[in-house]
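Visitor: Next comes the sequence, and after it the predicted model I'd like to discuss.
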Amino acid sequence: KANVLLLENHGILVYDTSVREARMSLHTLEMACRMVITARSAGIPLQPLTAETVQDFMASSGYKPVREWP
C-alpha cells in the first residue's frame, strides 16, 4: 500500500497519479535519506517522531493526504 518501493539489489520504484507527484515522492525520500546520513556522519542520534506529531503534520502541513491504493 505504498507508492515508493525500495527493491533490494534493484533500486527505488516510485509511482503516483502523475509524474509531478512521483518526482515529489522521490525528492522527499532523497531529502530524508540525506538527513539520516548527515546526522549519522556527525554522530547525532535521531529520535522517532511520536504518533501525535506525525498525525499533526499530516493534518496541518498542507502535505497531500495518504492515498488508498486499490
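Guide: In hand now; what should we look at?

Visitor: Helices of the chain, residue ranges please.
Guide: Using DSSP state H, the helices of the chain run over 19-41, 51-60.

Visitor: which of those helices is buried the deepest?
Guide: Stretch with highest mean neighbour count among the helices of the chain: helix 19-41 (a mean of 12; mean count of other Cβ atoms under 10 Å). Any C-beta I mention is one placed from the backbone N, CA and C, and that applies to glycine too.

Visitor: Which other helices and strands does that helix contact?
Guide: Helices and strands touching helix 19-41, by 3 or more Cβ pairs under 8 Å, 6 or more residues apart in numbering; DSSP states H and E, are strand 4-7, strand 11-14.

Visitor: Using CSV, write out the CA atom coordinates for that helix.
Guide: This file holds the C-alpha atoms of helix 19-41, laid out as CSV (Å, rounded to 0.1, in the frame of the first residue of the first chain):
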residue,chain,number,x,y,z
VAL,A,19,5.0,12.3,-12.9
ARG,A,20,5.0,15.5,-10.8
GLU,A,21,3.6,13.7,-7.8
ALA,A,22,6.1,10.8,-8.3
ARG,A,23,9.0,13.2,-8.5
MET,A,24,7.9,14.9,-5.3
SER,A,25,7.8,11.5,-3.5
LEU,A,26,11.3,10.7,-4.8
HIS,A,27,12.5,14.1,-3.7
THR,A,28,11.0,13.6,-0.2
LEU,A,29,12.7,10.2,0.1
GLU,A,30,16.1,11.7,-1.1
MET,A,31,15.9,14.5,1.5
ALA,A,32,15.0,12.2,4.3
CYS,A,33,18.0,9.9,3.4
ARG,A,34,20.3,12.9,3.3
MET,A,35,19.2,14.0,6.7
VAL,A,36,19.8,10.5,8.1
ILE,A,37,23.3,10.2,6.5
THR,A,38,24.3,13.7,7.7
ALA,A,39,23.1,13.0,11.2
ARG,A,40,24.9,9.7,11.4
SER,A,41,28.1,11.0,10.0
